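> below are the sequence and a predicted model; questions follow.
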Amino acid sequence: MTDTAEADKEYGKMMARIFNSKIADFAISTSIALVQKTPAVWRRIPPLYADLVGDLPILQDFDAPQLIDRIPDEDPGVERWYVASPAMRRVVEVQVIPAKDPDIPAPMLYLLDGVSAPARSGWLREGQIQDFVASNHVTVVLPTQAPGSLYEDWLRDDPKVGRHKWDTFLSSELLQVMEDAAHGLNFNGRRVIGGLSMGASGAVRIAAKHNETFHGVIGLSGCYSTTSIMGRGMTLAIIRSVDADPDNVWGPGITPAALAADVAANPEGLRHMPIYLFAANGRITEHDINIHVGQPRHELPGAVLLEKASFKSTVELVRTMERMGMHHQVVHLQRGGVHAWAYYGEQLRKGWEAVYPAAVKR
């Protein structure tokens, strides 16, 4: 083992001693509560993913959603579709993995990325999606270039990130294009939406809002509240990570629109929705230390904070569902583990196994 790797392991052990302590959860919650009460502080959250936004496109007008182009992508078996979006007023790039047998009708899995949401989906980079499609007959749709968007329809265009109307695009426009028989995908009529981190939050919110459109949802390490201490803290961090203004999403503060987007507080739309939820409790394990060897030092504590927020938000959502008489959800709350791609390939497979059979029956 190299000296650098050994140093990384020692650093990981030190982080474990700090973040696995009994006082850590209290300190984290208190710090996040204080930060979000002080705009002068949270507006200085570093824009770690601002460089992924790129130049804002010139807005265009389209009469209807349409497929502009379709080419082979850099990954084997993957296509890149260019879809004109009237709501976004631009052409949106989507990576598509067609089902392995074109003669057999297949469901569609709309799979959303995390906060960086770059031009090449994280599910292809690190999410083991190729293993998933090798063993499941499904068309996978991977929207790209949505950093910090929350996959939401923003109230106002933002000078840094432009126009976000992802809810409309994902729940209506993209479906029209993907399911057009002229494009050759043999669709069986069943749609599941899922994602990790920011993508999980977006997927669950969209599924709850459009529960007649989607037949199941998979949420991995998501934050489903927009108004709780941890939920609002995570939401602010996501938006500021791309240097955008949180007031442009639902308005300033906790507005009626922000409350309406809080699925953890009002999960009624999920009452008849097959759903799988996963989150770990943010406790650093030896596995977490090993997978962070060679990574920038800030990533491990960041992964702890994100997963602790996800865990708390997932518990909030499940408890609210149970209070409202919902007990159909399949939930895996894992003891040990941080916010890391290493967990999500397996959890996607488990989510699909839990959700899709029930989705077929809807």
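Yep, it's here.

> let me see the backbone angles for D153.
Backbone torsions of D153, given as degrees, to the nearest 10, read phi -80, psi 110.

> for it, give its distance to C223.
According to C-beta to C-beta, to the nearest Å, D153 and C223 sit 18 Å apart. C-beta: built from backbone N, CA, C; applies to glycine.

> so between the two, which is more surrounded?
In this view D153 and C223 are compared by other C-beta atoms under 10 Å, and C223 has more residues nearby, 33 against 21.

> now do the contacts for that one.
197, 200-201, 230-231, 234-235, 309-310, 313 (C-beta atoms under 8 Å, 6 or more residues apart in numbering).

> most neighbours among those, please name it.
S201 (33 neighbours).

> how about that one: what's its closest non-neighbour residue?
Using C-beta to C-beta, 6 or more residues apart in numbering and skipping residues adjacent in sequence, the residue nearest S201 is G222, 4.3 Å away.

> was I right about the one you found contacting S310?
Yes: between G222 and S310 there is a contact under C-beta atoms under 8 Å: 6.1 Å.

> what do these two both touch?
Contacts common to G222 and S310, judged by C-beta under 8 Å, 6+ apart, are 197, 200, 279.

> which parts of the stretch 1-150 of the chain are helices?
3-19, 24-36, 39-42, 122-125, 129-135 (DSSP state H, counting those that start in this stretch).

> who wins for proximity to R362 among those helices?
The closest of these to R362 is helix 129-135. By C-beta to C-beta, the value is 21.7 Å.

> look up how far A340 lies from F26.
24 Å.

> same question, H298
14 Å.

> which of these two has more neighbours?
Per other C-beta under 10 Å, whichever of H298 and A340 has more neighbours is A340, with 20 against 10.

> from A342, how far out is the residue lying closest to that one once chain neighbours are set aside?
Leaving aside its sequence neighbours, A340 sits nearest to A303 (C-beta to C-beta, 6+ apart; 5.6 Å). Distance, A303 to A342, by C-beta to C-beta: 10 Å.

> neighbour count: those two, which is higher?
A direct count of neighbours by other C-beta under 10 Å for A303 and A342 places A303 higher, at 24 against 16.

> the more buried one: what's it in contact with?
288, 292, 338-340.

> pull out the buried residues from stretch 118-131.
Residues of stretch 118-131 classed as buried: 118, 120-124, 127-130 (neighbour count, 16 or more other C-beta atoms under 10 Å).

> end to end on it, go ahead and measure it.
21 Å (C-alpha to C-alpha, to the nearest Å).

> go on, stretch 134-152?
Termini of stretch 134-152 sit 31 Å apart (C-alpha to C-alpha).

> ditto for stretch 58-73
24 Å.

> quick one: mean pLDDT for it?
Stretch 58-73 shows an average pLDDT of 97 in the prediction.

> run the chain-centre distance for that stretch.
Here the centre of stretch 58-73 is set off from its chain's centre by 24 Å, with C-alpha atoms, centre = their mean, to the nearest Å.

> residue contacts, the spatially most central residue of the chain?
Taking C-alpha atoms, centre = their mean, the centroid of the chain lies closest to G199, which sits 1.1 Å from it. The contact partners of G199, taken as C-beta under 8 Å, 6+ apart, are 111-114, 117, 151, 222.

> again, but for R70
Contacts of R70 by C-beta under 8 Å, 6+ apart are 79-82, 183.

> what's the closest of these to V92?
Distances from V92 to those, taken by C-beta to C-beta, are shortest for Y82, at 7.6 Å.

> one step back: among the contacts of G199, which one lies nearest to K209?
The closest of the contacts of G199, once distances to K209 are taken by C-beta to C-beta, is Y151, at 11.2 Å.

> so is the closest one in a helix, a strand, or just coil?
coil (DSSP: H, G, I helix; E, B strand; the rest coil).

> could you report the neighbour count for the closest residue to it other than its chain neighbours?
Leaving aside its chain neighbours, Y151 sits nearest to G202 (2.9 Å; criterion: C-beta to C-beta, 6+ apart). Look at G202: counted by other C-beta under 10 Å, it has 28 neighbours.

> residues in contact with G202?
Counting by C-beta under 8 Å, 6+ apart, G202 has contacts 112, 149-152, 166, 170, 195.

> so it sits in a helix?
Yes: G202 forms part of a helix when assessed by three-state DSSP.

> from H164, how far off is Q295?
29 Å.

> let me fix that: S31
Distance from S31 to H164, by C-beta to C-beta: 28 Å.

> looking at these two, which one has more neighbours?
Neighbours per residue (other C-beta under 10 Å) separate S31 from H164, with H164 holding more: 25 against 12.

> spatially nearest residue to that one, not counting backbone neighbours?
Nearest to H164 is W154, by C-beta to C-beta, 6+ apart, at 4.3 Å.

> report pLDDT for the one you found.
W154 is given a pLDDT of 98.

> let me know the secondary structure of the closest residue to L270 other than its chain neighbours.
Distances taken as C-beta to C-beta, 6+ apart put A208 closest to L270, at 5.0 Å, once the chain neighbours are dropped. Taken by three-state DSSP, the conformation at A208 corresponds to helix.

> over to the one 10 residues further on?
Per three-state DSSP, the secondary structure class of I218 is strand.

> contacts only, for the nearest residue to it once chain neighbours are set aside.
Ranked by C-beta to C-beta, 6+ apart and with sequence neighbours excluded, the top spatial neighbour of I218 is G194, at 3.2 Å. By C-beta under 8 Å, 6+ apart, G194 lies in contact with 109-112, 200, 203, 217-220, 348, 351, 355.
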